[in-house]
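>>> Quick one: sequence and predicted model below, then my questions.
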2 protein chains.
Amino acid sequence: MIGRLNHIAIAVPDLAAASAKYRNLLGAHVGQPQPLPEHGVTVVFIDTGNTKVELLEPLGDTSPIAAFLERNPSGGMHHICFEVPDIRAAAEVLKSGGARVLGDGSPRTGAHGKPVLFLHPKDFDGTLIELEEV
Amino acid sequence: MIGRLNHIAIAVPDLAAASAKYRNLLGAHVGQPQPLPEHGVTVVFIDTGNTKVELLEPLGDTSPIAAFLERNPSGGMHHICFEVPDIRAAAEVLKSGGARVLGDGSPRTGAHGKPVLFLHPKDFDGTLIELEEV
């Protein structure tokens, strides 16, 4: 079912500082900040050639990563995203196998404009997994 | 400097259970367990086509991931590994830029038999970064 690792997301308290470290210390291919107010984050993509690292900074008062950064003020790895060919079929397989899909259990439109869902981290070894239909 | 994302490592309390979930619920390409006693872990690789997920379970009494699993009993994302062409050059650039290389600051032989180093997570937004020479 799951295919490529689309990205790994890292929540950071200071996007400009984090971007500068990846660009200047690690010599990575770091993109420009993209504010996504409807998703409560500003995003910077790092292109590693085979996949992406997504740096996330909270945007607005109801950011979905605010609570994570309260628990982890220095930042930290937030989620990993795998590609799937059919998100509704994936949701059915997962739910019938006992995995919990976050929210109302239905796919929604993710930060990249594609259908996504998130799986409960307690069902996958403390790891928040996003599935994205591509 | 950094190139491909070689793998993301997830520490898990029960490697057989974690492998079964990735294989049966997520339909992933999950390999066989590889005990690496000299590194204190048993490893299972998941091939995502473009990169790998590495599931890590402690092995022996002095596992380097034992403390992480004490803090995170359900498991969690442990580190990400980027490929570099020259690990000694990378170490020099990073140290001269103020980043801390763990251990004595010199590359050592990693779990895949290649030269690796780890960077202090406090210098990279709470994320433990491994660099591997390929």
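Nice, I can see it.
>>> make it CA atoms for all contacts and neighbour counts henceforth
Fine.
>>> can you pull out the strands in chain A?
A:5-11, A:29-30, A:34-36, A:41-47, A:52-58, A:76-84, A:108-109, A:115-119, A:129-133 (DSSP state E).
>>> Let's have those in JSON lines, adding mean pLDDT and distance to residue B:27.
Putting these into JSON lines (pLDDT from 0 to 100; distance: least, C-alpha to C-alpha, whole Å) gives the following:
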{"stretch": "strand A:5-11", "mean pLDDT": "98", "distance to residue B:27": "14"}
{"stretch": "strand A:29-30", "mean pLDDT": "98", "distance to residue B:27": "31"}
{"stretch": "strand A:34-36", "mean pLDDT": "96", "distance to residue B:27": "31"}
{"stretch": "strand A:41-47", "mean pLDDT": "98", "distance to residue B:27": "26"}
{"stretch": "strand A:52-58", "mean pLDDT": "98", "distance to residue B:27": "22"}
{"stretch": "strand A:76-84", "mean pLDDT": "98", "distance to residue B:27": "10"}
{"stretch": "strand A:108-109", "mean pLDDT": "90", "distance to residue B:27": "22"}
{"stretch": "strand A:115-119", "mean pLDDT": "96", "distance to residue B:27": "15"}
{"stretch": "strand A:129-133", "mean pLDDT": "97", "distance to residue B:27": "12"}
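>>> Ok, which of the ones you listed comes nearest chain B?
Among these, the nearest to chain B by C-alpha to the nearest C-alpha is strand A:76-84 (4.4 Å).
>>> Spell out which parts of chain A neighbour chain B.
By the rule C-alpha under 8 Å from any C-alpha of the partner chain, the part of chain A lying against chain B is A:1-5, A:10-13, A:18, A:21, A:25-28, A:48-51, A:72, A:74-77, A:93-94, A:97, A:99, A:122, A:124-127.
>>> just to revisit the earlier point, what would the strands of chain A look like in JSON lines with mean neighbour count and distance to residue B:38?
As requested, the strands of chain A are exported to JSON lines (neighbours: other C-alpha atoms under 10 Å in any protein chain shown; distance: least, C-alpha to C-alpha, whole Å):
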{"stretch": "strand A:5-11", "mean neighbour count": "24", "distance to residue B:38": "29"}
{"stretch": "strand A:29-30", "mean neighbour count": "20", "distance to residue B:38": "35"}
{"stretch": "strand A:34-36", "mean neighbour count": "14", "distance to residue B:38": "44"}
{"stretch": "strand A:41-47", "mean neighbour count": "21", "distance to residue B:38": "33"}
{"stretch": "strand A:52-58", "mean neighbour count": "24", "distance to residue B:38": "30"}
{"stretch": "strand A:76-84", "mean neighbour count": "22", "distance to residue B:38": "27"}
{"stretch": "strand A:108-109", "mean neighbour count": "14", "distance to residue B:38": "45"}
{"stretch": "strand A:115-119", "mean neighbour count": "22", "distance to residue B:38": "34"}
{"stretch": "strand A:129-133", "mean neighbour count": "23", "distance to residue B:38": "30"}
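>>> circling back: are any of the residues of chain A next to chain B buried, and which?
A:1-5, A:10-13, A:18, A:21, A:25-28, A:48, A:50-51, A:72, A:74-77, A:93-94, A:99, A:124-127 (16 or more other C-alpha atoms under 10 Å in any protein chain shown).
>>> residues near residue A:63, how many?
Counted with other C-alpha atoms under 10 Å in any protein chain shown, the neighbours of residue A:63 add up to 17.
>>> Pretty sure residue A:38 is one of the things it touches, is it not?
No - applying C-alpha atoms under 8 Å, one finds residue A:63 not in contact with residue A:38, separated by 9.4 Å.
>>> before we move on, back to that, could you dump the strands of chain A into JSON lines with distance to residue B:117 added?
Shown next, in JSON lines, are the strands of chain A (distance: least, C-alpha to C-alpha, whole Å):
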{"stretch": "strand A:5-11", "distance to residue B:117": "20"}
{"stretch": "strand A:29-30", "distance to residue B:117": "21"}
{"stretch": "strand A:34-36", "distance to residue B:117": "32"}
{"stretch": "strand A:41-47", "distance to residue B:117": "21"}
{"stretch": "strand A:52-58", "distance to residue B:117": "19"}
{"stretch": "strand A:76-84", "distance to residue B:117": "19"}
{"stretch": "strand A:108-109", "distance to residue B:117": "38"}
{"stretch": "strand A:115-119", "distance to residue B:117": "32"}
{"stretch": "strand A:129-133", "distance to residue B:117": "27"}
